[in-house]
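[1] 3D, please:
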Amino acid sequence: MSSSEPAALWDLPEKPPSPKAEPSRARKSPKPGQKPKGAQSPAPERPVARIVVDIPLAHLDRTFDYLVPEKLHETAVPGCRVRVRFAGQLVDGYLIERGETSDYGSKLAFLERVTSAEPVLPPSLHALCRSVADRYGGTLSDVLRLAIPPRHAKAEGEPPRPAAALPDAPDTAAWARYQLGPAFLEALAEGKSANAVWQALPGEDWPRRLAEAAGSVAAAGRGAVLVVPDHRDLTRVHEACAALVGEDAVVALIAGLGPAERYRRWLAVLRGAVRVVVGTRAAMFAPVHDPGLFVVWDDGDDLHLDPHAPYPHVRDVLMDRAHAAKASLLVGGFARTAEAQLLVESGWAAPVLADRTVLRAAAPRVTPVGEDFDVARDEAARVARLPAVAFEAARQAFAAGLPTLVQVPRRGYVPGLACGNCRTPAHCRRCAGPLGLPGGSIDGQPKPPACRWCGVPETAFRCTACGSVRLRAVIVGAKRTAEELGRAFPGIPVRTSGAAEVLASVPGKPALVVCTPGAEPVAEGGYGAALLLDGWALLGRQDLRAGEEALRRWMAAASLVRPGSSGGRVIVGAEAGMPVVQALVRWDPAWHASQELAERSELGFPPAMRMASVEGSPDAVAGFLSDLPLPPSGEVLGPVPLGEIDEDGNAERERALVRVSRAEGKTLSSSIHAAAARRDAKKATEPIRIQLDPLDLI
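    Numbers count the residues shown, from 1 in each chain. Below is the predicted model:
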């Protein structure tokens, strides 16, 4: 035998038997009709469970059949959390339903265990999550992760919260200031379905109005979900609702709560203990019983867009819920988005507006000033380049014992290009996308401007408004600081509200309140004046929603100012002839929204069209687009590079936009989901980000 060959078994030394070893016994075969020892029996009724596994792969976005063992027959209820063995691993899942038979041809595996018998996924919530996943081309498991908070065993084991008593119907006389306001509240009280877009008056106590609408629904025994952008709004609306319907009848849901408290409040909603839910975007899936009203306040705020896949928007989710539950939807705010205008023009929602006479009595006086303004004579005001009219408005407010609000656009907006003569944003002639400077050079010369959507260079720009061929860069950020403004008003305290610290309110005393957009604190009795500086930093953003966003920010700040009859002044740093400025001067956001919607319909922009964004490496984007069947109206824009470009002109990431007609939006969602499923089935390793109806198209 060669040394390279292994030794034979009989050549190995014999291992001595263990003293405790027992002679092996032959395993007895079970008798006919007798089950093997340890074998499980299926449940006597509806033994087949259909499970959604928590695996975010598009090709596994369906239910899988398992057998319910007899020992879990009582606890394996539809909607409960379970653990199953999937591809050799134990994974979490939800039991959707139980049936008698299965279409699966092979032997079914048994459920491993029931994590919790609490039915956290009722049929209505499951249908909603499935609808949201289909709308955005995502997976059900991703939506369930957003809709159902993580389990907390201790909170779940606590005694159920007692159901709150029906509140008394609130007084809704304040809604009489709005046309169709009383009719809308009457429909809520009678349990009828009514959809409305509400434009709140300047200085309106909108948290109280929303609480009255929710109280009307709760008094009829139905539920209400109110979603607001941030914590400050949440606090105000929660306090207003608690004052009307009682502390025990309303809960606040927000992602920032601790695991135990968040799950405890969510269970109170699920079990029907409370009828009114107030929260940020985490509350859009709140499982209220018999919902009668869904409310989204300030739907143009980007905080309403969830940053997690499949990136749902609060407004769209609540629209689906209202339609499925035959409930009412209220889209409220001081301004109006193009999406809300589409609801009005399509007849799906009715506008709830105040009469122009009432509006003029409540609105402050708005004065626009362009770049060529008269600088105040005060030396400190000249350093801060403060317009003379703004300087005088602030002095008058201080003389009346009132604070002045100063809104300064935050830094870091994406620089873009505009006409050097009339400041009209520069757009691509091919797809109407925004022009930008791509960077880099060709033969020692800078690259010409190019579209930030389709990437086509623009070598012969001509402004569509005035015909000029000159381009200029738009202002980037704001340079005025609180110290510079403070020098213009010696002896007046300066308070700041921004990213570091956001103030909820300020006293009604002379003060200079400097804030960034969205961080305006509420002043007791209202501000005497508001200075909206550097309007070009907002209007010059290379964004489809730049004008709409600027008007929304301005109106949110101006609504905190006292009426013009009481001396309230608003000074906005922008040219008076611009449509967005005219909408602010006349306080007519509905007119501006209709103009925006008409222009977007003509150019093929959302919401008139549906768009999808595909981001990733160049190879990943190209591979996905090549496998994506488009509907007849489909069009691919790009891809264009994202971020820095290397010396060879290559980018690490690219983005392509796909747009289709609104009627073919569902077809696009289905196609994207199918393409993502094929990509996941091939085990593609390069990450890719797919988003439908993105807010940021730049």
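[2] Next, name the residue at the spatial heart of this structure.
    Centroid check for the chain by C-alpha atoms, centre = their mean gives L305 as the closest residue, at 1.5 Å.
[3] Now do the same for it: its pLDDT.
    What the model reports for L305 is a pLDDT of 94.
[4] Quick check, it in contact with L695.
    Yes. The pair formed by L305 and L695 meets the contact definition of C-beta atoms under 8 Å, at 5.6 Å. Every residue, glycine included, has its C-beta placed from N, CA and C.
[5] just checking, what's the longest helix in this protein?
    Taking DSSP state H as the criterion, the chain has its longest helix at helix 665-681.
[6] In that helix, which of the residues would be classed as buried?
    Neighbour counts over helix 665-681 (16 or more other C-beta atoms under 10 Å) mark 665, 667-669, 671-677, 679-680 as buried.
[7] go on, stretch 598-610?
    R600, S601, G604, F605, P606, P607, A608, M609, R610.
[8] same deal with stretch 154-168?
    A155, R161, A164, P167.
[9] where's the first one relative to A260, distance?
    When you say that, I think you mean A155. Separation of A155 from A260 (C-beta to C-beta, to the nearest Å) stands at 5 Å.
[10] From D316, how far out is the residue nearest to the centre of the chain?
    Distance from L305 to D316, by C-beta to C-beta: 10 Å.
[11] what's the first-to-last distance across stretch 86-104?
    Stretch 86-104 has its terminal residues 15 Å apart, counting by C-alpha to C-alpha, to the nearest Å.
[12] how about low-confidence regions in this protein?
    Applying pLDDT under 70 to the chain picks out residues 1-38, 371-386, 410-416, 439-444, 473-486, 500, 542, 644-650, 698.
[13] And the residue nearest to P687 when sequence neighbours are not counted, how far from I690?
    Distances taken as C-beta to C-beta, 6 or more residues apart in numbering place G616 nearest to P687, at 6.3 Å, with adjacent residues excluded. According to C-beta to C-beta, G616 stands 9 Å off from I690.
[14] Identify the contacts common to those two.
    Residues touching both G616 and I690 (C-beta atoms under 8 Å, 6 or more residues apart in numbering) are F624.
[15] Can you name the next helix or strand after the helix or strand encompassing E156?
    With elements taken from DSSP states H and E, the one containing E156 is helix 153-157. Counting by DSSP H and E, the next helix or strand C-terminal to helix 153-157 is strand 178-179.
[16] centre of the chain versus that following strand, how much separation?
    Relative to the chain's own centre, strand 178-179 is displaced by 29 Å; criterion: C-alpha atoms, centre = their mean, to the nearest Å.
[17] Report the buried residues of the following helix or strand past it.
    With elements assigned by DSSP H and E, the helix or strand that comes after strand 178-179 is helix 181-189. By neighbour count on 16+ other C-beta under 10 Å, the buried set for helix 181-189 is G181, F184, L185, A187, L188, A189.
[18] bridging residues for A523?
    In this entry, A523 is beta-bridged to V506, by DSSP bridges.
[19] Run a quick neighbour tally on it.
    Other residues near A523 come to 23 when the count uses other C-beta atoms under 10 Å.
[20] shouldn't it be in contact with S559?
    No. Using C-beta under 8 Å as the test, A523 is too far from S559 to be in contact (11.6 Å).
[21] buried sites along stretch 48-59?
    Under 16+ other C-beta under 10 Å, the buried positions of stretch 48-59 are V48, A49, R50, I51, V52, V53, D54, I55, P56, A58, H59.
[22] OK, contacts around the last one?
    So the one you mean is H59. Neighbour list for H59: A677, R678, D680, A681 [criterion: C-beta under 8 Å, 6+ apart].
[23] now it: how far from K682?
    9 Å.
[24] and what of the fifth one?
    From V52 across to K682, the span is 23 Å (C-beta to C-beta).
[25] again with the first one
    According to C-beta to C-beta, V48 stands 31 Å off from K682.
[26] Backbone torsions only: list them for T63.
    Here is the backbone geometry of T63 (degrees, to the nearest 10): phi -90, psi 150.
[27] how far away is it from P78?
    Taking C-beta to C-beta, one finds T63 at 12 Å from P78.
[28] Between these two, which contacts overlap?
    Common neighbours of T63 and P78, using C-beta under 8 Å, 6+ apart, are I96.
[29] Can you get me a residue count around the residue nearest to A163 when sequence neighbours are not counted?
    Leaving aside its sequence neighbours, A163 sits nearest to A273 (C-beta to C-beta, 6+ apart; 5.1 Å). Residues near A273, counting by other C-beta under 10 Å, number 18.
[30] thought A273 was touching P160?
    Yes. If you go by C-beta under 8 Å, A273 and P160 touch, sitting 6.8 Å apart.
[31] Contacts only, for the residue nearest to M611 when sequence neighbours are not counted.
    Leaving aside its chain neighbours, M611 sits nearest to R659 (4.6 Å; criterion: C-beta to C-beta, 6+ apart). Counting by C-beta under 8 Å, 6+ apart, R659 touches G604, M609, R610, M611, A612, G634, E635, L637.
[32] picking up where we left off before, can you name the residues bridging to the residue nearest to P687?
    Counting by DSSP bridges, G616 forms beta bridges with E654, I688.
[33] Tell me the secondary structure at the residue nearest to M611.
    Three-state call for R659 (DSSP: H, G, I helix; E, B strand; the rest coil): strand.
[34] And the strands in the stretch 551-698 of the chain, which stretches?
    All strands of the stretch 551-698 of the chain, identified by DSSP state E, counting those that start in this stretch, fall at 569-572, 609-616, 635-645, 651-661, 688-692.
[35] ok, and which of those strands has the densest surroundings?
    Highest mean neighbour count of these: strand 569-572, a mean of 27 (counted as mean count of other C-beta atoms under 10 Å).
[36] circling back: ok, the residue nearest to P687 - contacts?
    Contacts of G616 by C-beta under 8 Å, 6+ apart are F624, R653, E654, E686, P687, I688, R689.
[37] Out of the residues you listed, which is nearest to A176?
    Closest to A176 out of the contacts of G616 is R689 (48.2 Å), distances taken as C-beta to C-beta.
[38] Contact partners for the closest residue to that closest one other than its chain neighbours?
    Of all residues not flanking R689 in the chain, E615 sits nearest, at 4.3 Å (C-beta to C-beta, 6+ apart). E615 sits next to V621, L642, R653, E654, R655, I688, R689, I690, Q691 when contact means C-beta under 8 Å, 6+ apart.
[39] Fine by me, we can end here.
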